[in-house]
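J.: Give me the fold of what follows.
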Amino acid sequence: MDDDARELHVTDPNGTCADRMTVVFRTIDNQSSNTDIAPSIAMIVHPQGVRLDLEGLRVELEQLAQRHPFRSTASVHHTSWGADGAAAVFLLSVGGQVAGSVITDGLKRIGRAIVQARNRPAEPRPITEAEATSWATVMLANRFEGIKTADLKVREVTLAESTATVALRSPDDSGYRVGLELVDGLIVLGEISRTYPDQSG
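T.: Residues are numbered from 1 along each chain as shown. Sure, this is the predicted structure:
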């Protein structure tokens, strides 16, 4: 069966309720050095009442590794401090080069399978500056251990209809750039790159 036609099992009426699902996909040289060999790719989806099949999502995401060695973790964070909410986070590190288009196409299919269960029509729309900043900081906080969103300083936001680029800097003077794409008005894809203090740019 063609992969695009295959039914995805990523939602479950008895599954996990989450306000936000974030995926971060890294391609690294090997597990020992853990060095990125390409920009990280991330996705944010807001299920809005659709319950997630965490095991089904894990299986679908790991298939994007395309037989390369990988490491994956999945977690759910629940907060009840004033407003009540939960976030599901999937982190994947793949040893070897996987085409970015393979990852982004796969993430789009998974994201669309979730939002279609919401029975809400796709409505392409522009990204606002507030959304771009929020999504970029969430992606960075999940990608880089130890980063707190409050510590990130936004240096520049460039908007272009359903895409945006956000440049940020952290207290150690590292620079971050997140390229965003809003798919169908409901799914956020991001490409994350970092420059260190001793690098130009």
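J.: Please, where are all the strands along the protein?
T.: 11-16, 20-28, 40-45, 52, 70-81, 83-95, 153-160, 163-169, 175-183, 187-195 (DSSP state E).
J.: Residues in contact with the longest helix along the chain: which ones?
T.: With secondary structure taken from DSSP state H, the chain has its longest helix at helix 100-116. Under the criterion CB atoms under 8 Å, 6 or more residues apart in numbering, residues 4, 8, 10-11, 21, 23, 25, 38-39, 41, 43, 45, 47, 50, 52, 57, 60-61, 63-64, 66, 122, 183-184, 186-187, 189, 191 lie in contact with helix 100-116. For the C-beta atoms, the positions are set from N, CA and C on the backbone; glycine is no exception.
J.: CA-only coordinates of it in PDB, if you can.
T.: The C-alpha trace of helix 100-116 is given here as PDB (Å, rounded to 0.1, in the frame of the first residue of the first chain):
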ATOM      1  CA  GLY A 100      14.300  16.900   5.500                       C
ATOM      2  CA  SER A 101      11.500  16.500   3.000                       C
ATOM      3  CA  VAL A 102      10.900  12.900   4.300                       C
ATOM      4  CA  ILE A 103      10.600  14.200   7.900                       C
ATOM      5  CA  THR A 104       8.400  17.200   7.100                       C
ATOM      6  CA  ASP A 105       6.100  15.200   4.800                       C
ATOM      7  CA  GLY A 106       5.800  12.600   7.500                       C
ATOM      8  CA  LEU A 107       5.100  15.100  10.200                       C
ATOM      9  CA  LYS A 108       2.400  16.800   8.000                       C
ATOM     10  CA  ARG A 109       0.600  13.400   7.500                       C
ATOM     11  CA  ILE A 110       0.700  12.800  11.300                       C
ATOM     12  CA  GLY A 111      -0.400  16.300  12.100                       C
ATOM     13  CA  ARG A 112      -3.300  16.200   9.600                       C
ATOM     14  CA  ALA A 113      -4.500  12.800  11.000                       C
ATOM     15  CA  ILE A 114      -4.800  14.500  14.400                       C
ATOM     16  CA  VAL A 115      -6.500  17.700  13.300                       C
ATOM     17  CA  GLN A 116      -8.900  15.800  10.900                       C
END
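J.: Who are the contact partners of A42?
T.: By CB under 8 Å, 6+ apart, the neighbours of A42 are 22-25, 139, 142-143, 189-192.
J.: try 6 Å
T.: If a contact means CB atoms under 6 Å, 6 or more residues apart in numbering, then A42 has 24, 139, 190 as its contacts.
J.: Next: G179.
T.: Counting by CB under 6 Å, 6+ apart, G179 has contacts 165, 191.
J.: Run through this structure and note the low-pLDDT ranges.
T.: 1-6, 80-84, 199-201 (pLDDT under 70).
J.: at 50 instead, please
T.: Low-confidence segments of the chain (pLDDT under 50): 1-2, 5, 201.
J.: is it true that F70 touches L91?
T.: No. Counting by CB atoms under 6 Å, L91 is not a contact partner of F70; they are 10.7 Å apart.
J.: burial count for the closest residue to E181 other than its chain neighbours?
T.: Nearest residue to E181, sequence neighbours excluded (CB to CB, 6 or more residues apart in numbering): L189, at 4.6 Å. By the other CB atoms under 10 Å criterion, the neighbourhood of L189 contains 23 residues.
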